[in-house]
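Q: Sequence first, then the predicted structure:
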Amino acid sequence: MKEHSFTSLHTMGQQQDRRSWAEPYKIKAVEPLHLTTREQRGKALAEAGYNTFLLPSRDVYIDLLTDSGTNAMSDRQWAGLMLGDEAYAGSENFYHLEETVRECYGYEYLVPTHQGRGAENILSSVLIKPGDHVPGNMYFTTTRFHQERNGATFHDVIVDEAHDTSSLFEFKGNVDLDKLQRLIDEVGADKIPYVCVAATVNMAGGQPISMANLRAVRELTARHGIPIYLDATRAMENALFISEREDGYLGKPIAEILKEFCSYTDGATMSGKKDPIVNIGGWLSTNDREVFEEARNLVVVYEGLHTYGGMAGRDMEAMAIGIREALNDDYMKSRVGQVRYLGLLLEQWDIPFVKPVGGHGIFLDARGFYPHLDQEQFPAQMLAAQLYLDSGIRSMERGIVSAGRDTVTGEHHHPKLELVRLTIPRRVYTQAHMDVVAESVKACFDQRASVPGLAMTYEPKYLRFFQARFEPLPT
Ligand SMILES: *Cc1c(COP(=O)(O)O)cnc(C)c1O
């Protein structure tokens with residue numbers, strides 16, 4: 001076991017002053033957790049077809065399935081709900097949200113949507129023609145789905161380091177400019193309606209992209225007249241990494257960094273369920289008046305009127321307040337600091353996971369746990385199941401199941417990364433919960449040799465990871 005003093009665990013991220021940090025908020029309301037026995041969990045797991053998405057939350061103890069919409073709102077946000085203006089058209093809360101996005105992200109026009117994928121659907125329908133190509137710094141499940149459904153082929157142009165769990169590169173979310181240039185040369189700029197840049201990159205483990213890289217992507221694409229749309233879901237977390245790692249930005253307020261970052265893009269899709277610390281909501285924003293007009297036409301078909309887009313007035317209010325709260329540097333340090341704390345605990349026991357630790361979770365390397373399993377025996381799916389069985393902690397597969405099948409050949413995509421994601425909801429769990437999580441991961445690691453693979457017994461047609469069912473293979 002590597003030695004980490006108590007102090008070093010509590011001060012990581014702030015090594016310069018050797019004093020502990022703590023969350024810049026305190027608890028006002030609590031929600032009881034559900035404790036279960038191993039026997040109950042075994043039964044629940046079998047009923048859920050070994051898919052953690054299919055577990056009822058009443059059977060879950062610490063829920064790290066996702067940081068999406070699982071956030072704890074502040075007293076201000078709850079108070080904001082009472083300010084909900086539920087007018088069908090022209091809600092006061094829409095104007096508040098629009099102004100907040102304009103000030104904090106810098107985008108001119110806002111189209112609210114029910115959540116991130118609503119924005120992706122609209123953006124993809126507006127910009128993509130059949131036969132187009134969309135490059136991105138690694139795919140995201142719903143994003144790529146909407147791109148492909150509108151007739152585009154997705155191209156991963158992320159740097160190679162992103163696919164290497166042992167690389168310690170600090171900006172694994174970066175776009176590989178050569179890969180992007182090669183694609184432009186190959187298919188032609190007129191076949192590339194936009195470059196889709198995500199920050200941080202969820203599927204790479206919450207890895208950031210640097211300001212310098214985005215600026216370079218901007219310069220390259222501008223030469224070819226290709227716009228950039230940002231997946232801004234966790235762009236504030238990305239801003240924190242830039243403030244910690246990038247020359248010229250060290251110690252700068254994340255609010256300033258975010259605004260400059262967005263200035264290199266033409267607009268963004270957003271899941272309000274992540275950075276903005278709410279439970280539902282999203283938006284599409286753009287600086288392009290024509291794209292805005294088109295998107296505003298489509299939003300009334302798929303989401304709702306252009307001043308609510310599937311959200312209640314109160315939801316828009318809570319999101320506007322949450323955006324400002326999330327742009328607080330102390331808050332963001334504690335958010336990412338909690339994830340790092342969990343990472344440090346796991347590192348002590350040499351547990352294989354993606355490093356450097358990203359913004360929103362720990363991504364366990366299932367291949368490192370179960371080298372005896374073939375990827376088509378779904379090692380990450382099994383590791384998530386084992387973790388639940390051990391302690392009632394719920395995590396999620398991010399490997400071959402999530403990657404789905406090739407739309408042309410029908411074969412499984414075989415992603416290099418076969419991961420289990422322990423995602424940390426914002427402001428929900430304490431450091432003691434992180435201790436419990438780390439100990440359970442360690443228990444699974446100690447028992448790794450005897451674990452069998454899985455067979456898929458039911459496979460849905462779209463986004464299969466949500467509802468697929470599995471059975472353990474005979475040992
Ligand atoms: C969650 C997420 C989305 C989709 O947003 P929803 O609100 O879940 O529809 C898109 N991109 C990234 C990077 C995400 O994490």
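A: Happy to help now that I have it.

Q: which residues touch the closest residue to the ligand within the chain?
A: Here the residue of the chain nearest the ligand is Gly116; by CB to the nearest ligand atom that distance is 2.3 Å. Using the backbone N, CA and C atoms, a C-beta is placed for each residue, glycine as well. Going by CB atoms under 8 Å, 6 or more residues apart in numbering, Gly116 touches Thr142, Asp231, Thr233, Thr269, Met270, Ser271, Gly272, Lys273, Lys274, Gly282.

Q: same thing with Gly358?
A: Counting by CB under 8 Å, 6+ apart, the residues that Gly358 touches are Thr200, Ala204, Gly205, Gly206, Gln207, Pro208, Val339.

Q: And the residue of the chain closest to the ligand, how close does it get to Met211?
A: Using CB to CB, to the nearest Å, Gly116 is found at 23 Å from Met211.

Q: swap in Asp67?
A: For Asp67, the distance to Met211 - CB to CB - is 24 Å.

Q: Compare these two and say which one has the larger neighbour count.
A: Counted by other CB atoms under 10 Å, Asp67 and Met211 do not tie: Asp67 has more neighbours, with 26 against 21.

Q: what helix or strand does Arg296 sit in?
A: Counting by DSSP states H and E, the element that carries Arg296 is helix 289-302.

Q: Just name whatever secondary elements the helix or strand harbouring Leu344 is in contact with.
A: Using DSSP H and E, Leu344 sits in helix 329-348. The contact analysis (3 or more CB pairs under 8 Å, 6 or more residues apart in numbering; DSSP states H and E) places helix 329-348 against helix 6-11, helix 235-245, strand 361-365, helix 431-446.

Q: how does it look with 10 Å?
A: helix 6-11, helix 235-245, helix 254-263, helix 313-326, strand 361-365, strand 419-423, helix 431-446 (3 or more CB pairs under 10 Å, 6 or more residues apart in numbering; DSSP states H and E).

Q: so can I have CSV of the ones you listed showing mean pLDDT and mean neighbour count?
A: Putting these into CSV (pLDDT from 0 to 100; neighbours: other CB atoms under 10 Å) gives the following:
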stretch, mean pLDDT, mean neighbour count
helix 6-11, 47, 14
helix 235-245, 98, 24
helix 254-263, 98, 20
helix 313-326, 98, 24
strand 361-365, 97, 28
strand 419-423, 97, 28
helix 431-446, 98, 18
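
Q: Now render the ones you listed as a markdown table, adding distance to the ligand.
A: Putting the helices and strands packed on helix 329-348 into a markdown table (distance: least, CB to the nearest ligand atom, whole Å) gives the following:
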| stretch | distance to the ligand |
| --- | --- |
| helix 6-11 | 28 |
| helix 235-245 | 10 |
| helix 254-263 | 15 |
| helix 313-326 | 12 |
| strand 361-365 | 11 |
| strand 419-423 | 9 |
| helix 431-446 | 20 |
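
Q: ok now do Ala89, which residues does it touch?
A: Leu305, His306, Thr307, Tyr308 (CB atoms under 10 Å, 6 or more residues apart in numbering).

Q: quick one, phi/psi of the third one?
A: Recorded main-chain torsions at Thr307 are phi -110, psi 10, according to degrees, to the nearest 10.

Q: Can you give me every residue that contacts it?
A: Contacts of Thr307 by CB under 10 Å, 6+ apart are 87-95, 97-98, 110-112, 296, 299, 313, 316.

Q: how far away is it from Thr142?
A: 24 Å.

Q: now swap in Leu214 and tell me
A: In terms of CB to CB, Leu214 sits 22 Å off from Thr142.

Q: Settle it for me: which of those two has more neighbours?
A: Each of Leu214 and Thr142 has its neighbours counted (other CB under 10 Å); Leu214 has more, 26 against 19.

Q: any idea which element the closest residue in space to Pro56 that isn't next to it in sequence lies in?
A: The shortest distance from Pro56 to any non-neighbouring residue, by CB to CB, 6 or more residues apart in numbering, is to Ala44 (7.4 Å). Secondary structure assigned from DSSP H and E places Ala44 in helix 38-47.

Q: Run through who's touching that helix.
A: 34, 36-37, 51-52, 54-56, 58-61, 384-386, 388-392, 470-472.

Q: ChimeraX command for the buried members of those?
A: This is how ChimeraX selects the buried members of the contacts of helix 38-47, with burial counted by 16 or more other CB atoms under 10 Å:
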select :36,51,52,55,59,60,61,384,385,386,388,389,390,391,392,470,472
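
Q: Identify those among the contacts of helix 38-47 that sit within strands.
A: Judged by DSSP state E, the contacts of helix 38-47 include Phe470, Glu471, Pro472 as members of strands.

Q: I'd guessed the second one sits against Gln377; true?
A: Looking back up the chat, that one is Glu471. No - if you go by CB atoms under 10 Å, Glu471 and Gln377 don't touch, sitting 11.4 Å apart.

Q: By neighbour count, which of the contacts of Gly358 wins?
A: Most surrounded of the contacts of Gly358: other CB under 10 Å gives Gln207, at 33 neighbours.

Q: do you know how far that residue is from Arg394?
A: From Gln207 to Arg394 the distance is 23 Å (CB to CB).

Q: again, but for Asp374
A: Taken as CB to CB, the span from Asp374 to Arg394 is 25 Å.

Q: which one of those two has more residues nearby?
A: Arg394 (22 against 10).

Q: Looking at strand pairing, list the partners for that one.
A: Asp63 (DSSP bridges).

Q: Would you confirm that it contacts Asp63?
A: Yes - between Arg394 and Asp63 there is a contact at 5.0 Å, judged by CB under 10 Å.

Q: Where do the strands of the stretch 151-300 of the chain begin and end?
A: Using DSSP state E, counting those that start in this stretch, the strands of the stretch 151-300 of the chain run over 153-156, 195-198, 228-231, 267-271, 282-286.

Q: Write out the residues of the stretch 101-250 of the chain neighbouring the ligand.
A: Residues of the stretch 101-250 of the chain lying near the ligand by CB under 6 Å from any ligand atom: Gln115, Gly116, Arg117, Phe140, Thr142, Thr143, Ala198, Asn202, Asp231, Thr233.
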